[in-house]
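> got a structure for you, letters missing:
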Ligand SMILES: Nc1nc2c(c(=O)[nH]1)N[C@H]1C(S)=C(S)[C@@H](COP(=O)(O)OP(=O)(O)OC[C@H]3O[C@@H](n4cnc5c(=O)[nH]c(N)nc54)[C@H](O)[C@@H]3O)O[C@H]1N2
Ligand SMILES: Nc1nc2c(c(=O)[nH]1)N[C@H]1C(S)=C(S)[C@@H](COP(=O)(O)OP(=O)(O)OC[C@H]3O[C@@H](n4cnc5c(=O)[nH]c(N)nc54)[C@H](O)[C@@H]3O)O[C@H]1N2
Ligand code: SF4
Ligand code: SF4
Ligand code: SF4
Ligand code: SF4
Ligand code: SF4
Ligand SMILES: [Mo]
């Protein structure tokens, strides 16, 4: 799939933002006043900024408001609702913490649940797609959730939790890659099932000699060599580097800030790969993935 | 939200105007939907005899042709050097004055100094009439480089050809064999026919080095080695004759198989038919045991007859055939290696032909009477149909191969019989019923007759009194005696070389001769812009009519801009290339369904204006005033013979078809009828047409000819034999010595095979071909915003063996070299391809700046032409002669004889194909950056 | 509306005959022409006279097939929306723009509600949806819903533009929910197939596979031989046969 920057930014930043809101909602830590304001500012900038970034992905944003209408069936619609509810609930919760020093714990728990739900719904947008077998696996929401939680833990200054979650994140991403590399074959779509032709099938001519929306959007291919290198970078930046920073230097501002940066960079790389490595079955019609066919 | 309420019955348009498509030569009927006075949508006309409502990609994309930014806007005068594309727009008066200034002196002194050649338009009966009136011998249309082998091979053999002049009996055939066709002129009818055959469960066999398109859906594919079809076909003939699986009755009654041929090598008439005193061919009568005229009512011809008269032995054509084709040189085993088809497969195909022709024979309960006056209670059919086109004809052995194919059809009795191949009016019409070529010219006088025609012996050649070629293209000379369509591909080359003489003005219409329709494209561009020692162009004046900003436009001095096909009158006439069906005569018109919004004029109308200015006979009244207001006026009022005009429908008082006085309401009647006219052939006249008196009488009635003219199919082609006789030293008109051997070897009166393309060249061993893409028409499709997305560039396709041998991988490039030059192009792998053949799509590459395209157009970067490798001349043989790359009999351009070598190279850093032919300025600007064409 | 209807009254769709399609792209352009002028926004083209890339609702792919034995084959393969019964493109749509019509099963995009997020295109396994770059809304095959019921058209023309134009007759339109319809019979006779059945989309459109190729090679020699048994091995013998055969005529 085409790794669209807006979607990568959105999912990384808003994931971290909602992770931070999750911890704040749970009262880990309980913050009030100016400090709370700082925390919430960061959380909202990340979450809302991410959401706005995703609006860039829309080709016809004037109808975006209609996306709230299909929550019964559509994960994207649910994500919209969850995000708005989470931001609203957490907004009220934050208001009380910042301006009145009051912590309405149950409201926080609700907000925390909604924040995680938001991340989950985001993940489900991808997970639900049978057309992209690499995404269509239970590990996808796990990766999104652990990434969000690990980011939230880092940002909310929960170093030990962060260390554990970052390690979990690394494990989840590793598993997602390992499983992902097998998913296309497991899903069983081949150029044979796509065309229902018998024998060894390959593409002779594309329908049009130039590119089209589909080939640009869904038949993006990343060089294998490139992918391996990026995986190493992503993993190292996402887990060992922040974990080491925290374990070596403790929960001080600078190492945590560095850890956050490393984490964000790692997750960016992971998200870039999440798209770039994702093979859409439509690629089969364009002669992609034919190496996998059994003659 | 509820399911939205849709308007399920929107009004499609304000009005439908029915005219004829022009995106190719197939001429389908179209419904042009007009909204707010503009063209909104084009669909097929359901009532139209050609396409019955269907439309191909090009036809549906006509709207993008019509609104193309490349359309010329006004007459233009060249301002920069030839090839630069720099022009100044002028008015029509000035344009006519310039043309007149060049043409009048020519006509007054040496009319042959005008060479007027036209492309694939359908007004050849008109353009040739103009050229005849002008008086130049130098006129032809594009047939010589297109498929004259097919036309001439068919007409000389059986009085009709494939091309679009005949068609398989799609409804009844059980076995259809398609030789060397990618698309053809009858584009939609062939597709519709294939669909029918598939639906009926009949078998389609494709003989073609490439398995794409029609060949992809063929049930069986014979991936033949290019240029060897003749061998394959004669091997099938061998198998069928040997097994006696031939239609003796048909051969006896309807062909020259029983005709007696002088078989004495010492005789001056050796190889010619024995004639009675009236010039009728004689056959041996089995019953009466004497020689008799072939068409005697009670004659019983003997296929094995022999007769010795005056000591000279005469044997039948059939005996000559048996002798030739039963020979082991045509056994499947003997031809397998050369053709690339294994012997068992050849035999399997022969057996299948035999099975279907004889075990699945059909009989229609339709009584008919033949030319001998014999009544037949039924019409017998052999449901094996064949069709072929340029894969066979565009080789230097194509004429004989076409004849071989017709021989195959004829020996199984499947021509003009149910289930086989059927002619469309005005065919059947044998070579003897066609005019001969004319070439006698004088200042200020019309030519002595039509330029093109069919020669029957040396005396018909277009030679000047000193024996040198009369025509600039050297058609009808000893080099290519039977060049029935002229040789357009030699015009520029000969004019540049001054061989046989220099010309003054080259006038061309609708042929992109600076690009895809020329062999040796880069060379041709150089010849067009070459100057002499004084700095003057070697070809002094070039006038060209195009509708779009093509490559050729840039090489002309004066441009006469044509309209698009929706903006003018055109006439698809029985005098020319009509739209008949096997079951009906039909013709059609185009008419301006929208008016042009530019200062352009239909080319035919422009010719009428020019003709009148020059005072050409037929174009002016007695008082010297212009005779026809425009082409529409000509279409209605012109008469070729009294009562016979360009259009057959609604003549006289409006009730007469075929013959009748001009009717001023005629065009309105055509428009009311959807743009065409159909005259059905009576049921009893629909088969056996050359011999069927009901057909002959019907044809006379509607004016196809003036008296019934039945004839025999001529398996033995006497004109060929006459040239051979001359080459053997007989007669007073003698060929030059250097051509004798070739004439003797190639002009065999019975179909033969010889290797095309002269000597084998050790280094260049791989065959290289082009194919027509179905969704692209030559070079003009490239300006069409919708079509060019389908074929924006063209890789060279390589078969598995070559691919692997050279270690090619996806995305690689190759240098392809011929003895004449090389090209560097992207390659791609195609397994369903003859193992020693490479190919690419035809005419995709474009010169930078042409067609209103932007410089990033893939056509000018990754696209390419194969033509750079194909030379119009054979490699020099050291004899000082210029040997043209053409069939030695007909002059057909031998596009597909190209042999190359392939070499893997690193892709050029700019990923632009080579050679680079430079750029031309666009006199019409460039197209817009976005398109969303909707007429509200 | 992104819930799929429980069941649709009809299942209108196309049957595409891969045995007959010659790959002429006529259906592609007829579709482009009709849908540029009709339903919704026009199908636009970007850089149409340069490196053109435009919106098409129907495209022809071409495949080469190398069977286990015998010559390689080529198959032309038209593809547009398959109007799936379990259309994932519909259920993913957040705005309700994508829907499947209850009365005939046609899957459509209500362009007035589409926000151009592209998710439905991601959800479609077949590449049947394309965002129009000029208008920013999702385009897809409408099964020519504005033709097939169009009372301003003659009855015979109430069929999709691509079907009407297909010169080879490789495209058929009808109700695949009615087992007695022409299209259902055709599918039954010719063994029509679902594309990518493993995706669980239950496509309505059906593909008729190419008939077996190059079967002439498989006819046993002893079946063929009698058709080609020589009348005689010698030329004299051939003339003798000829004489006898002519006598019988
Ligand atoms: N390598 C290779 N070369 C080939 C062939 C091949 O198979 N392989 N085939 C050969 C054959 S058979 C042919 S017929 C030729 C075809 O070659 P051309 O006859 O050159 O074909 P086009 O490219 O169609 O060019 C015709 C010109 O007519 C112009 N035109 C289009 N419409 C109109 C109109 O309405 N009025 C006027 N006045 N002009 C118009 C176009 O703009 C174009 O410039 O190519 C030959 N060249
Ligand atoms: N869409 C479209 N239709 C067209 C045209 C167009 O440009 N586009 N052009 C029109 C014109 S001018 C013409 S002349 C006709 C030509 O129509 P076709 O005769 O179909 O012309 P080509 O595409 O040149 O196809 C030649 C075919 O012969 C095959 N071939 C080459 N050499 C051999 C051989 O030795 N033996 C056999 N058996 N096959 C061989 C090639 O692989 C190819 O499939 O098409 C007309 N129709
Ligand atoms: S075959 Fe196509 S381009 Fe040719 S006349 Fe018919 S519709 Fe037009
Ligand atoms: S083919 Fe694709 S767009 Fe059409 S209904 Fe099925 S999933 Fe949806
Ligand atoms: S692109 Fe339009 S139709 Fe598709 S999912 Fe998004 S809003 Fe729905
Ligand atoms: S049914 Fe209509 S919209 Fe669908 S592919 Fe055919 S022409 Fe296009
Ligand atoms: S129009 Fe018919 S034959 Fe042509 S590509 Fe489409 S389905 Fe195939
Ligand atoms: Mo041609």
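Yep, it's here. Keep in mind it's a predicted model, so treat the numbers as computed, not measured. Ligands and ions are numbered 1, 2, ... in the order given.

> Pick out the residue of chain C closest to chain A.
With CB to the nearest CB as the measure, the residue in chain C that lies nearest chain A is residue C:116; the distance is 2.9 Å. Heads up, the C-betas are built off the backbone N, CA and C, glycines and all.

> SS state for the nearest residue to that residue once chain neighbours are set aside?
If the residues on either side of it in the chain are set aside, residue C:116 comes closest to residue A:59, at 2.9 Å by CB to CB, 6 or more residues apart in numbering or on different chains. The three-state label for residue A:59, taken from DSSP: H, G, I helix; E, B strand; the rest coil, comes out as coil.

> who touches residue A:59 in this structure?
Contact criterion CB atoms under 8 Å, 6 or more residues apart in numbering or on different chains gives C:115, C:116, C:117, C:118, C:131, C:133, C:136, C:137 as the residues in contact with residue A:59.

> Tell me how far it lies from residue C:119.
Counting by CB to CB, to the nearest Å, the gap between residue A:59 and residue C:119 amounts to 12 Å.

> Check residue B:918 too.
When distances are taken as CB to CB, residue B:918 and residue C:119 turn out to be 48 Å apart.

> cool, and residue B:316?
As judged by CB to CB, residue B:316 and residue C:119 stand 79 Å apart.

> returning to that earlier point: I'd say the residue of chain C closest to chain A and residue A:55 touch.
No: between residue C:116 and residue A:55 there is no contact under CB atoms under 8 Å: 10.8 Å.

> Among the two, which residue is more densely surrounded?
Here residue C:116 and residue A:55 are set side by side on neighbour count (other CB atoms under 10 Å in any protein chain shown), and the busier one is residue C:116, at 24 against 13.

> need the contact list for the residue in the stretch 251-400 of chain B positioned nearest to ligand 5.
Relative to ligand 5, the nearest point of the stretch 251-400 of chain B is residue B:389 (46.3 Å; CB to the nearest ligand atom). With CB under 8 Å, 6+ apart as the criterion, the residues that contact residue B:389 are B:147, B:150, B:162, B:163, B:179, B:180, B:181, B:184, B:185.

> quick one: which of the residues you listed is nearest ligand 2?
residue B:180 (2.9 Å).

> Give me the pLDDT value at the residue lying closest to the closest one once chain neighbours are set aside.
Distance criterion CB to CB, 6+ apart; nearest residue to residue B:180, sequence neighbours excluded, is residue B:391 at 1.6 Å. Listed pLDDT for residue B:391 reads 98.

> returning to what we had before: ok, of the contacts of residue A:59, which come out buried?
C:115, C:116, C:117, C:118, C:131, C:133, C:136, C:137 (16 or more other CB atoms under 10 Å in any protein chain shown).

> Need those in TSV (columns: distance to ligand 5).
As requested, the buried ones among the contacts of residue A:59 are exported to TSV (distance: CB to the nearest ligand atom, whole Å):
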residue	distance to ligand 5
C:115	5
C:116	5
C:117	4
C:118	5
C:131	7
C:133	13
C:136	9
C:137	7
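
> Among these, which are located in strands?
Assigned to strands by DSSP state E, the following of the buried ones among the contacts of residue A:59 qualify: residue C:131.

> Would you pull up the residue in chain C closest to chain B?
Scanning chain C for proximity to chain B using CB to the nearest CB identifies residue C:49 as nearest, at 2.9 Å.

> Wait, a strand at that residue?
No: according to three-state DSSP, the state of residue C:49 is coil, so it is not within a strand.

> what does the worst-scoring helix or strand of chain C on mean pLDDT contact?
One helix or strand of chain C scores below all others by mean pLDDT, DSSP states H and E: helix C:221-228, with a mean of 88. By CB under 8 Å, 6+ apart, the list of residues contacting helix C:221-228 from outside reads B:239-240, B:242-243, B:245, B:344, B:347-348, B:350-352, B:354-355.

> Quickly check those for the two that are furthest apart.
Taking every pair in the contacts of helix C:221-228 and measuring CB to CB, the maximum separation is 17.5 Å, between B:245 and B:344.

> neighbour-wise, which of the two wins?
Counting neighbours by other CB under 10 Å for residue B:245 and for residue B:344 shows that residue B:245 has the greater number, 21 against 16.

> and stretch B:607-617, what's its mean pLDDT?
98.

> what do you get for stretch B:40-57?
Along stretch B:40-57, the predicted confidence averages to a pLDDT of 98.

> Now look at that stretch and say if it contacts ligand 6.
No: between stretch B:40-57 and ligand 6, judged by CB under 6 Å from any ligand atom, nothing touches; the nearest distance is 11.2 Å.

> how about that stretch: buried residues?
In stretch B:40-57, residues buried by neighbour count (16+ other CB under 10 Å) are B:40-46, B:48-57.

> Could you do stretch B:691-705 as well?
Of all the residues in stretch B:691-705, those buried under the rule 16+ other CB under 10 Å are B:691, B:692, B:693, B:694, B:695, B:696, B:698, B:699, B:700, B:702, B:703, B:704.

> In three-state terms, label residue B:125 for me.
For residue B:125, the secondary structure call by three-state DSSP comes out as helix.

> Around chain C, pick out the residues from the stretch 51-200 of chain A.
Within the stretch 51-200 of chain A, the positions adjacent to chain C are A:57-64, A:66-70, A:72-77, A:80, A:125, A:128-132, A:187-189, A:191, A:193-200 by CB under 8 Å from any CB of the partner chain.
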